[in-house]
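>>> no sequence on this one, just coordinates:
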């Protein structure tokens, strides 16, 4: 009976260890997936900011290019960085167009919004 008990305990411990190892692998994979999603979102957000900084705040092209290069390094886990940058750049069109309309319809509000947005973006682009 003792031999059977020890065998069962040993089998249970091995099964538990295997389950923990598998669980750790799944957690690691999930963590990797989450990191890739975060990197993708970061790349799109950075591109969105870059376009607004360029078209609303007047940040020069070389600053945007340097910012893009730094973002590519920062979000290196994004396998499709160029594609995601382009998507973020395109998504910023709505913001840029909204700011242009605001400039035409309410210049005072535009100036206030521009000051608030551009101060932060220009600082971010330099970092």
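Everything's here; your move. Computed from a predicted model, the values in this text were never measured in an experiment.
>>> quick one: low-confidence parts of this structure?
The chain contains residues with pLDDT under 70 at 1-30.
>>> just the helices in it please.
Along the chain, counting by DSSP state H, helices occupy 2-55, 61-74, 81-105, 107-126.
>>> Tell me how far the residue nearest to the spatial centre of the chain lies from residue 112.
Ranked by distance to the mean C-alpha position of the chain (CA atoms, centre = their mean), the top residue is residue 42 at 1.7 Å. Residue 42 is 28 Å from residue 112, where distance means CB to CB, to the nearest Å. In this view, the C-beta of every residue, glycine as well, is placed from N, C-alpha and C.
>>> for residue 88, same thing?
Summarising the geometry, the distance separating residue 88 from residue 112, computed by CB to CB, is 25 Å.
>>> ok, the nearest residue to residue 36 once chain neighbours are set aside - contacts?
Computed as CB to CB, 6 or more residues apart in numbering, the closest residue to residue 36 that is not its neighbour in sequence is residue 77, at 5.5 Å. Under the criterion of CB atoms under 8 Å, 6 or more residues apart in numbering, the contact partners of residue 77 comprise 35, 36, 38, 39.
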